[in-house]
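Undergrad: Sequence and predicted structure below; questions after.
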Amino acid sequence: MKKYICVSIGDKVKAEGNDFNKGFRKCNKEELSKEIEDVCNDYDEKGYDVVSIVPIVQGQHMFVSNDGVWSNSTTEGVIITFKAK
């Protein structure tokens with residue numbers, strides 16, 4: 001049994017938007033949280049405890065307007081680190 005294991009869950013985004021911003025990406029939090037739960041329970045049964053859950057964040061486009069410049073980012077997934085009990 002390994003002492004530490006890292007599991008990556010990614011690509012948990014969905015496209016949303018309107019006429020102004022058709023390419024907006026948003027975290028599919030329901031799907032992501034369900035997968036985190038499943039992975040954590042699976043590794044608990046294998047004899048591991050969760051050490052950390054770190055988000056994977058991806059930057060998005062910038063928009064320039066008369067009011068200034070803004071940009072945003074979205075959570076794309078997580079990296080979960082487990083340690084043997």
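TA: Ah, there it is.
Undergrad: Quick test: name the residue nearest the centre of the protein.
TA: Computing the C-alpha centroid of the chain and ranking residues by Cα atoms, centre = their mean puts G77 first, at 2.0 Å.
Undergrad: Let me see the contact set for that one.
TA: G77 sits next to S8, I9, G10, D11, K12, L32, P55, I56 when contact means Cβ atoms under 8 Å, 6 or more residues apart in numbering. C-betas here are computed from N, CA, C, even on glycine.
Undergrad: Quick check: strands, which of those are part of them?
TA: Using DSSP state E, the subset of the contacts of G77 located in strands is S8, I9, P55, I56.
Undergrad: so which pair among those residues is furthest apart in space?
TA: The distance between the two most remote of the ones in strands among the contacts of G77 (Cβ to Cβ) is 11.5 Å, for S8 and P55.
Undergrad: Compare the two and say which one has the larger neighbour count.
TA: A count of neighbours by other Cβ atoms under 10 Å puts P55 above the other of S8 and P55, at 14 against 11.
Undergrad: in what helix or strand does the closest residue to that one other than its chain neighbours lie?
TA: Distances taken as Cβ to Cβ, 6 or more residues apart in numbering put T75 closest to P55, at 4.8 Å, once the chain neighbours are dropped. Assessed by DSSP states H and E, T75 sits inside strand 68-84.
Undergrad: So what are the sheet partners of that strand and their directions?
TA: Strand 68-84 has its sheet partners listed here by DSSP bridges as strand 4-9 (antiparallel), strand 48-65 (antiparallel).
Undergrad: show me where pLDDT drops low in this structure?
TA: Applying pLDDT under 70 to the chain picks out residues 17-24, 60-71.
Undergrad: V51 and K85 touch, don't they?
TA: No: using Cβ atoms under 8 Å, V51 makes no contact with K85, being 11.4 Å away.
Undergrad: Compare these two and say which is more crowded by neighbours.
TA: V51 (12 against 9).
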